[in-house]
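Predicted model and sequence below, questions to follow.
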Amino acid sequence: MARPGAANASATQGKRPWPGAEARRVAAIVLRVLGGVGGGYGIAALSTMLLSTSLPMPKAEAVLTASMASFAIFAGAIVWAFAARSVARAWLGLAIPAALLALALLIPGWGA
Amino acid sequence: MKDGFRQSMAWLHTWSGLLVGWVLFAVFLTGTAAYLRPEISHWMRPEIAAATPGPRDAEVAVAAMQALAPNSPSWFISLPEPRDTSIRVFWRDPTAEGRGFRSAVLDAATGQPVAARDTLGGEFFYRFHFQLHYMSAFWGRWIVSICTMFMLVAIVSGIITHRRIFADFFTFRPAKGQRSWLDGHNLCAVLALPYHLMITYTGLVIFMLMTMPWGIERAYPNQRGAFNAEVFGNAPPRRPLGQPAPLVPIAPLVEQARQQWQGGALGRLQVSNPNDASATIQLIRDDAERLSYNPQSMTFSGATGALLSTRGEGGPAAETRGVMYGLHIGRFAGPLLRGLFVLAGLAGTVMVATGCVLWAVKQRQQAAKKGQPGFGTRLAEHLNVATIAGLPFAMAAFFWANRLLPQDMAQRGAWEVHVFFLAWGFCALHPLLRPRRQAWVEQFALGAAAFALLPVLNLLLTQRHLGASLVAGDWVRFWFDLGLLGCAAVLGFLAWKVARHPATASRTRVAAVPRPARATS
């Protein structure tokens, strides 16, 4: 069965895994799940907040549009969390957009 | 790097699908049944004869409510339509305890309450598929929404994993063990892929204001009411003035609404503070007429008949949401399209089921090389039987309870649901006591027998059996009874197929062992 975390993949099949390697493989998966689910929801929520007040349309329309788009963003973030080559890249790729969105929300005029 | 990417997507697909696969199976199967909600309800209330909607339904309903609940603060009336030919009414009873809702089913011809048996009907499957049961609606909806998000991830990663989308259309290699399961899984997934994506995404959108409320929080801080009024046209309730004023006749208002909607039919009406000077009458267009589920409505003063407000098309985003909602519930679909929706829903159900089975088959093959299968594999196999074979049997048990429970039993409607879960609970325990393959065969066979005997039970216990429905031209009941036999045939076929499967878990082992034992555990 294919598993993410290419660095440790060799230790998983066939022979008895080296205990340290197994623990690191599990930790990598846990970190990706946390990043994808928690970070992904955070990015989706932040983007919904930003788009709700910045899209060029009536306010209620903007809220609906942003909310409807949020699940695609969420799914995209989860896919990224598992597709990235390493756990560090996965987290970096989630943290940077989240930080940018949070900064943009602080700009006056875009906030409500 | 390309292959590493595909491999991690395959991993994501496997686990996001498997972890919630059993919930998704139940949601898909009961959700598919929910396309037939009015038909199921009609079949489950054999006391009610089929009628034809007439032009005077609204007048009959309002007159009936004047007799039933003249002092109620609000009436909710669903008018007959071709798929559900009775008048259904809800009203708030000021003298009742709790939330104080009462309901009744009225004869469309006379307006008299029909003494129909107490049942949730198709409403049960409909509610279960998005909020489960035995827990608050809030938690049920959250659980189903989270599982739906897993489904979306499973679909997206599944599409990335399968590069041969088009070729999969024409690929099915039967009786080849794991290969066949994979082909079957791909076939169901790919054939109805637009449907699976649509139903999953729109399912998320329906509850988005609960699961993703941050846009409202940001744009309308602490003004959720203002947002609701703007988007859904929910006007704040008017307080009763305490000045008696008779309700104006309903027929001219209905005519006015028909003209406004260019001949569109009235579906529901809602009356607030009837017989008070503050009374309002809201006429809501039949939602089966439009793709978008953004109800069009007109609100009139109940005392003067003056038009107070009109709600028509929303903005583009509101209409998009309405169309997503409408696509999900499929109320707009005529018989043929509804049939396709049911088939696509069943394809989704089979897709989830074959996915779960495929995982267990693969694990067993790997275990065959190494030794005994682990606890995870055996748990998955157990849950596969209990869900895939057990749920259809539980649904049949629900229909049995509808026919067999005494008419005057207290909490009768609730007990039909308890029987459903008792039957399902039995199916969850049964695989503990039986060899794996026998458990599959027995549960499928039990389900087949339960469905096959339902039309017989109908013949013995009600006046609305197959022959009577045919003579009366009651096509909903006629096709429903035949549909039950169809379910029996499918489950019977599955039982037969599993029973004559050439034994054992792994084909590699079959070659090695000359005479495999019939029972495996």
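Happy to help now that I have it.

all contacts plus neighbour counts: C-alpha atoms, from now on.
OK.

Thought B:Leu120 was touching B:Arg412, still the case?
No - contact criterion Cα atoms under 8 Å: B:Arg412 and B:Leu120 do not qualify, at 9.5 Å.

which residues does residue 38 contact?
Since you didn't name a chain, this refers to chain A. By Cα atoms under 8 Å, 6 or more residues apart in numbering or on different chains, A:Gly38 lies in contact with nothing.

wrong one, I was asking about chain B
B:Pro38 makes contacts with B:83-84, B:122, as judged by Cα under 8 Å, 6+ apart.

at 10 Å what do you get?
Taking Cα atoms under 10 Å, 6 or more residues apart in numbering or on different chains, we find B:Pro38 in contact with B:44, B:81-85, B:121-123, B:476.

Averaged pLDDT, stretch B:472-487. What do you get?
Computed over stretch B:472-487, the mean pLDDT rounds to 93.

before we move on, the earlier item: which of the contacts of B:Pro38 count as buried?
Buried residues within these, defined by neighbour count using 16 or more other Cα atoms under 10 Å in any protein chain shown: B:44, B:81, B:84-85, B:121-123, B:476.

Narrow the residues you listed to those in helices?
Mapping those onto helices (DSSP state H) picks out B:44, B:123, B:476.

Do I have it right that the second one meets B:Gly413?
Meaning B:Glu123. No - when contacts are counted by Cα atoms under 10 Å, B:Glu123 is not listed as touching B:Gly413 (11.0 Å).

which bits of the stretch 251-400 of chain B sit near chain A?
B:314-321, B:324, B:362-363, B:366, B:370 (Cα under 10 Å from any Cα of the partner chain).

go with 6 Å
Proximity of the stretch 251-400 of chain B to chain A is confined to B:Ala317 under the rule Cα under 6 Å from any Cα of the partner chain.

where along the stretch 151-300 of chain B do the strands fall?
For the stretch 151-300 of chain B, strands defined by DSSP state E, counting those that start in this stretch occupy the ranges B:266-272, B:280-285, B:297-301.

Next, count neighbours for B:His129.
B:His129 has 24 neighbouring residues, counting by other Cα atoms under 10 Å in any protein chain shown.

Now name the helix or strand holding it.
Element membership for B:His129, per DSSP states H and E: helix B:123-131.

cool, and B:Trp91?
strand B:87-92.

Given that strand, what are its sheet partners and their directions?
Strand B:87-92 pairs in its sheet with strand B:74-78 (antiparallel), strand B:101-106 (antiparallel), by DSSP bridges.

what comes up buried for stretch B:124-143?
B:124-132, B:140-143.

So which residues make contact with stretch B:335-344?
Here stretch B:335-344 makes contact (Cα atoms under 6 Å, 6 or more residues apart in numbering or on different chains) with B:32, B:192.

list the buried ones in it?
So for stretch B:335-344, counting by 16+ other Cα under 10 Å, buried means B:338, B:341-342, B:344.

cool, stretch B:45-64 as well?
In stretch B:45-64, counting by 16+ other Cα under 10 Å, buried: B:45-46, B:48, B:50-51, B:53, B:57-58, B:60-62, B:64.

Alright, that wraps it up for me.
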